[in-house]
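1. Sequence and predicted structure are below.
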Amino acid sequence: MKIASATRIRLTTAGALLAAALWTVPAGAQQVAPSQAVKLALQAVPGAEALGVKLKGGNYVVRLKQDGSVIQVLVDATTGQVSQ
């Protein structure tokens with residue numbers, strides 16, 4: 001069964017967000033939810049599509065695809081500050 005590219009991207013994004021939401025972190029270690037980190041990263045990189053998100057240390061690493069390139073954006077898990 002062949003899945004259209006846009007549908008595959010949506011399913012991949014949804015799966016990544018679900019996995020991030022289920023990731024357990026010690027209480028009080030973060031104030032920004034994984035889904036919010038993705039939203040903040042997408043606002044910082046207009047036109048990009050989310051590929052995945054994971055927590056590393058005190059930052060979320062959000063993988064985005066823009067113009068055929070994969071980029072990583074860091075989002076501070078406590079403050080929500082975005083850096084590239």
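-> Cool, got the structure. On a predicted model such as this, the values are computed, not experimentally measured, just so you know. Numbers count the residues shown, from 1 in each chain.
2. In the helix or strand hosting Leu40, which of the residues would be classed as buried?
-> For Leu40, the host element (DSSP states H and E) is helix 34-44. By neighbour count on 16 or more other C-beta atoms under 10 Å, the buried set for helix 34-44 is 34, 37-42. To be clear about C-beta, it is placed using only N, CA and C from the backbone, and glycine gets the same treatment.
3. I'd say Gln66 and Val45 touch.
-> Yes. Counting by C-beta atoms under 8 Å, Gln66 does reach Val45; the two are 5.8 Å apart.
4. quick one, which of the two is more surrounded?
-> For Gln66 versus Val45, neighbours defined as other C-beta atoms under 10 Å are more numerous around Val45 (17 against 13).
5. on that earlier part again, ok, the buried residues of helix 34-44 vs Lys54, which is closest?
-> The closest of the buried residues of helix 34-44 to Lys54 turns out to be Pro34 (C-beta to C-beta; 8.3 Å).
6. so Gln81 touches Asn59, yeah?
-> No. Using C-beta under 8 Å, Gln81 is not in contact with Asn59; the gap is 9.3 Å.
7. Spell out which residues are contacts of both of these two.
-> By C-beta atoms under 8 Å, 6 or more residues apart in numbering, Gln81 and Asn59 have these common neighbours: Val75.
8. who's more crowded, the two?
-> Set side by side, Gln81 and Asn59 show more neighbours around Asn59, with 19 against 12, by other C-beta under 10 Å.
9. Let's see the pLDDT reported for that one.
-> Per-residue confidence (pLDDT) for Asn59: 95.
10. and what of Gln84?
-> Predicted confidence (pLDDT) for Gln84: 80.
11. give me the beta-bridge partners of the nearest residue to it once chain neighbours are set aside?
-> Distance criterion C-beta to C-beta, 6 or more residues apart in numbering; nearest residue to Gln84, sequence neighbours excluded, is Val73 at 5.4 Å. For Val73, the beta-bridge partners under DSSP bridges are Val62.
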